[in-house]
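[1] Let me see the structure of the following:
(one chain, ligands or ions: 1)
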Amino acid sequence: MLNAQQQQFEKGVVKVADNVFTAVGFHGANTSMIIGTDGVIIIDTLFGPSSATNAAEAFRQYSDKPVKAIVYTHSHGDHIGGASAFIGDEQPDIYATESFGSAEGVNQAVDPVKQKRNVRQFGRKLSPAESTNRGVAPAGTDDGDRGKGFLPPTVTVPNNGLKTTIAGVELEFHIAPGETDDAMFIWLPKEKVLFAGDNFYSSFPNLYAIRGTAYRDVLDWSESVGKMAALKPHVVVPGHTMPIRGQEAATTALTDYSEAIRSVYDQTVRGINAGKGPDQLAHEVELPEHLRDKPYLIQFYGAVPHAVRAIYSGLLGWYDGNPTTLNPLEPKLKAEKMAELAGGTQKLTEQMEAALAKNEYQWALELSDHVKWLDTADRNLARKVKIAALRGLASREYNAPNRNYYLSYANELESGQLSEVWF
Ligand SMILES: [Zn+2]
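    Okay, here's the model as predicted:
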């Protein structure tokens, strides 16, 4: 399934309207060009100048008019880092929201760990044989020039949005918090083309990123996508993956997407108010049946269980309300008690190996996490079991971040990069 998703970011320029072109697959995200009377407008600029130069060259086959304006849908690096590659002698206006840049500033204190988790989530160090893709982006992108072509915004889109005309093209900027607080979508009222930024792409949305992000307000996200749907676009151009063409297809996709997010939120809130904790809810909440098999809601990138946990902690913090979890046993002590319960370290180790032999990979992982704490255990064996169980889970997984994380972590364990207790 994940391999088949590859067609969503096959490299090429897609004509989405008479004067609108989107370059897909030149890096992780999309970049688009709108051709006006005396110039062009670029929406998003990829990750760095090298990939952006390739896209700019591909665009030049359709127009060699100068770039009059650049628009950043939001401040994630894969959308802003290649701007310099698009411009010539003329300095274009560069549009972004008032809160532009707020997305990644909140938890810089933990950057060392975020970087490690980022490498795992995107599978940046996986071998070609292990790699598939990143769910909504190809693997193996050239990231060496990250951000080197970034040009700071020169025009601020106010919080109530902006309607303007650039190079004879009517444009509307709508503030739309979602994946980031600083996001907006761009609407061409004449062509009825909508540029969604990363609030929409063909996958269940990444309401929480396992690389470690602050809470993304999922209600805002759902509402922003609902506003897009209300415009009934004839084409929706996502921040990643192929444009969806045709009024019914585009509008239905956005309506469904908004509903899917809202449903996960509502089910989680209902569960919380029924006294349920995040572990239980992560297993209970599901997409409604009529949405489950929609191609743009398959969990290639975002995952419903992760979203449920994020909503839980976003609304209530880490505590699940159960007094047992106020002061749980320290992991090492708990591991010793588990060994005692099993009939000794040897028995617990046998259970761990049996779980792996039965392909009960998650249980094998949980037991190996106990065994690793025991002074009397064969920790090397526990490590080996964990590696094999992670690879077993990865082989069954079509959610790209989970799969990448399992495989990357297994490789780190195998190469001895991680400390004895595997953090
Ligand atoms: Zn993106």
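
[2] where exactly do the strands run in this structure?
    Ranges of strands in the chain, per DSSP state E, are 12-17, 20-24, 31-35, 40-43, 67-71, 93-97, 155-157, 162-166, 169-175, 184-188, 193-197, 235-238, 244-245.

[3] which of these sits most buried?
    Per-stretch averages of neighbours, counted by mean count of other Cβ atoms under 10 Å, single out strand 193-197 among these, with a mean of 29. Yep, even glycine has a C-beta here, placed from its N, CA and C like the rest.

[4] Tell me which stretches of this protein form helices.
    Applying DSSP state H to the chain gives helices spanning 49-60, 77-80, 111-121, 218-230, 247-273, 278-284, 289-292, 304-316, 331-342, 345-357, 361-371, 379-395, 400-415.

[5] Specify the stretch among the strands of the chain that is closest to the ion.
    strand 193-197 (7.9 Å; Cβ to the ion).

[6] The closest one relative to strand 169-175, how many degrees between them?
    Strand 193-197 runs at 40 degrees relative to strand 169-175, counting by axes from the mean of the first three to the mean of the last three Cα atoms, to 10 degrees.

[7] If I take strand 193-197 and helix 218-230, what angle do their directions form?
    170 degrees.

[8] number of nearby residues for residue 318?
    Residue 318 has 8 neighbours, counted by other Cβ atoms under 10 Å.

[9] now residue 229
    For residue 229, the neighbour count with other Cβ under 10 Å is 21.

[10] Please tell me how far the closest residue to it other than its chain neighbours sits from residue 248.
    With Cβ to Cβ, 6 or more residues apart in numbering as the criterion, residue 229 has its nearest non-adjacent residue at 3.7 Å, and that residue is residue 254. According to Cβ to Cβ, to the nearest Å, residue 254 stands 11 Å off from residue 248.

[11] of those two, who's got more company?
    Neighbour count, other Cβ under 10 Å: between residue 254 and residue 248, residue 254 has more, with 26 against 9.

[12] quick one, what contacts that one?
    196, 200, 225, 226, 228, 229, 233, 236 (Cβ atoms under 8 Å, 6 or more residues apart in numbering).

[13] Take these and lay them out in CSV including pLDDT and distance to residue 294.
    Formatted as CSV, the contacts of residue 254 follow (pLDDT from 0 to 100; distance: Cβ to Cβ, whole Å):
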residue, pLDDT, distance to residue 294
196, 98, 16
200, 98, 12
225, 98, 14
226, 98, 16
228, 98, 16
229, 98, 14
233, 98, 17
236, 98, 14
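
[14] right, and out of those residues, which lies closest to residue 171?
    Of all the contacts of residue 254, residue 233 has the smallest distance to residue 171: 13.7 Å, by Cβ to Cβ.
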